[in-house]
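Novice: the amino acid sequence is not available; the structure is as follows:
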């Protein structure tokens, strides 16, 4: 079996084509963003690269060479982000498309893929590692498994927020989490015997961003393509309920003291909404950041002093408490260039207009006998934000910002209502 070295094999998707891990931190690299075409894969990969960037302490090339042994995709004893084959050899093989979130529908077939379990379509090593990272980050709980009960992975019900710079290196610097004491698996292999016994693992900035939460072993063929994977559950890291989550890319808030006992925690992460509209959460994160809230996403807080080009939010749309994936939440907005205080005030004005618009759209949908989902499928709130944002991200010199923005918001709301009405007519 051929071993794929992730230092030298191109697998990281960029606008200029796949690059290697070494290329990401090459001097003068101008890679702007990750472009796999799959928002979940890009977010999971970005979180992993941020951990590497933080732990490299300014010497990424030396760091990668030092830990090259842990960056081999199909290594028999220490495969990258996987459980060694010796620990999963008795488990049945599952078609590789089981790792493809939002396409998997159990053990029968995949949506949008046309692939059956009886004749799985092979994927390249590059696609396999992206699917693996996505699965570790976003997979909902599967309930009782062969070893023990499994829990949600870090992003199964939680949104992840990132600030983006001009290059990928700038983006990694903006979002790099604090260095945690737990070493990632590519630095030191975990105690697999302890994993089998479900010993507790601390939840910290390493395990929450880049950890094999779903124990998996890829099964490659002689050409390094992958048709199958062996899946099990390992111990899930846990955190103290009285402490904020160590996830640097989460939007968090404090829980009222009266609710501590009922909820069992003092801090709460922004959960993913059931709809696919993520701009409300993104605007909330921006407003929280501009008000200097220390619980805002780390990349956003760094962007206040270092600047950024844009911000994004990514997550799954799931049914509460169920391993049912409804879709992908993904939204982007330019980073506002006006003063933080003014931008925060304007975001409040615009959000009030958006809330009012959504209420009107909901009433219209009810009148037409349609559901809220029908309205959200129309280009209403998305068009609204895309038209309003240029006024937020540009300086309106010599104008009363609140008055100008209120007028613009009302105009954009009218356009969105017109577009939604046309969409409802098309549904009829």
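Specialist: Sure thing, it's come through. Because the structure is predicted, anything quoted here is derived from the model rather than measured.
Novice: contacts and neighbour counts: CA atoms only from here.
Specialist: Fine.
Novice: on the three-state scheme, residue 215 is what?
Specialist: Per DSSP: H, G, I helix; E, B strand; the rest coil, the local secondary structure of residue 215 is strand.
Novice: please apply the same query to the one 4 residues further on.
Specialist: The three-state label given to residue 219 by three-state DSSP is strand.
Novice: mind pulling the model confidence for it?
Specialist: Looking at residue 219, its pLDDT is 91.
Novice: isn't it up against residue 231?
Specialist: No - with contact defined as Cα atoms under 8 Å, residue 219 does not count as touching residue 231 (10.8 Å).
Novice: can you pick out the residue with more neighbours from the two?
Specialist: residue 231 (22 against 18; other Cα atoms under 10 Å).
Novice: the more buried one in helix, strand or coil?
Specialist: Classified using three-state DSSP, residue 231 is strand.
Novice: hang on, it packs against residue 215?
Specialist: Yes - contact status for residue 231 versus residue 215: in contact at 6.0 Å, counting by Cα under 8 Å.
Novice: who touches residue 84 in this structure?
Specialist: Counting by Cα atoms under 8 Å, 6 or more residues apart in numbering, residue 84 makes contact with 75-78, 217.
Novice: I'd like to know how many residues surround the spatially closest residue to it that is not a sequence neighbour.
Specialist: Nearest residue to residue 84, sequence neighbours excluded (Cα to Cα, 6 or more residues apart in numbering): residue 77, at 5.2 Å. Residue 77 has 15 neighbours, counted by other Cα under 10 Å.
Novice: report the contact partners of residue 77.
Specialist: 84-86.
Novice: could you measure from residue 270 over to residue 57?
Specialist: 30 Å (Cα to Cα, to the nearest Å).
Novice: who's more crowded, the two?
Specialist: Neighbours were counted for residue 270 and for residue 57 using other Cα under 10 Å; residue 270 has more, 16 against 11.
Novice: ok, that one touching residue 254?
Specialist: No - between residue 270 and residue 254 there is no contact under Cα under 8 Å: 10.8 Å.
Novice: quick one: the helices in the protein?
Specialist: Applying DSSP state H to the chain gives helices spanning 21-24, 39-56, 60-66, 85-88, 125-138, 168-175, 192-196, 260-263, 279-290, 298-306, 340-367, 372-377, 381-393, 401-427.
Novice: weakest of those helices by average pLDDT?
Specialist: helix 372-377 (a mean of 48).
Novice: distance of the residue nearest to residue 318 when sequence neighbours are not counted from residue 166?
Specialist: Spatially, and ignoring its direct neighbours in sequence, residue 318 is nearest to residue 325 (4.6 Å; Cα to Cα, 6+ apart). Look at residue 325 and residue 166: by Cα to Cα, they are 33 Å apart.
Novice: more neighbours, these two?
Specialist: A count of neighbours by other Cα under 10 Å puts residue 325 above the other of residue 325 and residue 166, at 19 against 15.
Novice: hmm, the more buried one is touching residue 315, no?
Specialist: No - shown here, residue 325 and residue 315 do not form a contact pair, counting by Cα under 8 Å, at 10.6 Å.
Novice: what does the domain assignment say about the chain?
Specialist: Domain segmentation of the chain under automatic domain parsing yields 21-233, 336-428.
Novice: can you pull the phi/psi pair for residue 18?
Specialist: Residue 18 adopts backbone torsions of phi -60, psi 140, taken as degrees, to the nearest 10.
Novice: that one is in contact with residue 10, isn't it?
Specialist: Yes - using Cα under 8 Å, residue 18 is in contact with residue 10, at 5.1 Å.
Novice: and residue 116, what pLDDT?
Specialist: pLDDT, read off for residue 116, is 58.
Novice: ok, residues contacting stretch 10-20?
Specialist: So stretch 10-20 is in contact with 6-9, 21, 31-36, 125-127, going by Cα under 8 Å, 6+ apart.
Novice: can you give me the buried ones in that stretch?
Specialist: 10-14, 18-20 (16 or more other Cα atoms under 10 Å).
Novice: same question for it, mean pLDDT?
Specialist: Rounded mean pLDDT across stretch 10-20 is 91.
Novice: so how far does it reach from one end to the other?
Specialist: Using Cα to Cα, the two ends of stretch 10-20 sit 4 Å apart.
Novice: what's around residue 86, how many residues?
Specialist: Using other Cα under 10 Å: residue 86 sits among 10 other residues.
Novice: now do residue 58
Specialist: Residue 58: 11 neighbours (other Cα under 10 Å).
Novice: look up how far residue 68 lies from it.
Specialist: From residue 58 to residue 68 the distance is 17 Å (Cα to Cα).
Novice: what do you get for residue 184?
Specialist: 13 Å.
Novice: who has more neighbours out of those two?
Specialist: It is residue 184, of residue 184 and residue 68, that has more neighbours when counted by other Cα under 10 Å, with 23 against 15.
Novice: hang on, isn't that one packed against residue 208?
Specialist: No - in this structure, residue 184 is not within contact of residue 208 by Cα under 8 Å, at 10.5 Å.
Novice: residue contacts, the residue nearest to residue 347 when sequence neighbours are not counted?
Specialist: Distances taken as Cα to Cα, 6+ apart place residue 287 nearest to residue 347, at 6.5 Å, with adjacent residues excluded. Going by Cα under 8 Å, 6+ apart, residue 287 touches 343-344, 347-348.
Novice: cool, and residue 80?
Specialist: Residue 80 neighbours (Cα under 8 Å, 6+ apart): 70-74, 185-186.
Novice: nearest spatial neighbour of it, chain-adjacent residues omitted?
Specialist: residue 73 (4.9 Å).
Novice: distance-wise, check that neighbour relative to residue 315.
Specialist: Residue 73 is 26 Å from residue 315, by Cα to Cα.
Novice: got it, and residue 74?
Specialist: 29 Å.
Novice: those two: which is more packed in?
Specialist: residue 315 (26 against 23).
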